[in-house]
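Enquirer: Need a 3D model of the sequence below.
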Amino acid sequence: MTGSERIRDARPGDRDAIREVTLAAYAEYAPQMPELWDRYRDNILATLQAPAPAQQFVAERAAAIVGAVLLYPPGVALPGAQGRMPWPEVRLLAVAPAGRGRGVGTALMQECVRRARAAAAPVLALHTTDLMGAAVRLYERLGFVRAPELDVRVAPSLIVKGYRLDLG
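Expert: Below is the predicted model of the structure:
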């Protein structure tokens with residue numbers, strides 16, 4: 001981060017700003033998945049409306065939310081997946097389009113890694129798609145590796161790919 005941002009736990013008063021940042025961050029994928037976008041957007045909104053049991057963090061700059069992420073505990077199923085995730089899982093990493101390229105996504109992910117390690121988790125997992133190339137590059141730069149056994153087919157044309165970071 002450029003130094004003027006800070007990562008903190010989300011507060012109830014952050015809900016609207018988190019929703020705006022997250023929808024702005026993910027809206028770029030709508031044209032690439034027109035048949036799935038409405039369902040995906042509805043899932044994002046429902047998740048953000050009731051994020052428990054996840055921990056939610058935000059990146060804040062000059063009292064404005066510029067990024068957000070959810071860290072789920074072990075034992076929570078990914079929508080559409082058969083089983084429950086045995087490890088903590090990162091979901092809905094979002095950085096405001098105007099705030100990209102400043103290390104906000106990296107800082108949010110590092111906070112997730114820090115918290116997973118503090119909870120003695122052996123692995124941190126996440127899911128993403130090939131559409132999200134910048135996110136995939138970020139995750140791989142942080143040491144996440146493909147975990148095909150975690151893949152979920154959410155539509156005939158879309159596989160949500162699993163990634164994992166060994167924390168041991």
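Enquirer: which regions of this protein sit below the pLDDT cut-off?
Expert: 1-4, 78-82 (pLDDT under 70).
Enquirer: now do 80
Expert: Residues of the chain meeting the criterion pLDDT under 80: 1-5, 31-34, 77-83, 154-158.
Enquirer: Longest helix in it, by number of residues?
Expert: helix 104-118 (DSSP state H).
Enquirer: tell me which residues of that one are tucked away?
Expert: Neighbour-count burial for helix 104-118, counted by 16 or more other CB atoms under 10 Å, picks out 104, 105, 107, 108, 109, 111, 112, 113, 116. All C-beta spots, glycine's among them, are computed from the backbone N, C-alpha and C.
Enquirer: and it, what does it pack onto?
Expert: strand 5-9, strand 55-61, strand 64-72, strand 89-95, strand 123-128, helix 133-141 (3 or more CB pairs under 8 Å, 6 or more residues apart in numbering; DSSP states H and E).
Enquirer: what about 10 Å?
Expert: Helices and strands touching helix 104-118, as assessed by 3 or more CB pairs under 10 Å, 6 or more residues apart in numbering; DSSP states H and E, comprise strand 5-9, strand 55-61, strand 64-72, strand 89-95, strand 123-128, helix 133-141, strand 158-166.
Enquirer: which parts of the first one are buried?
Expert: What it means is strand 5-9. 5, 7.
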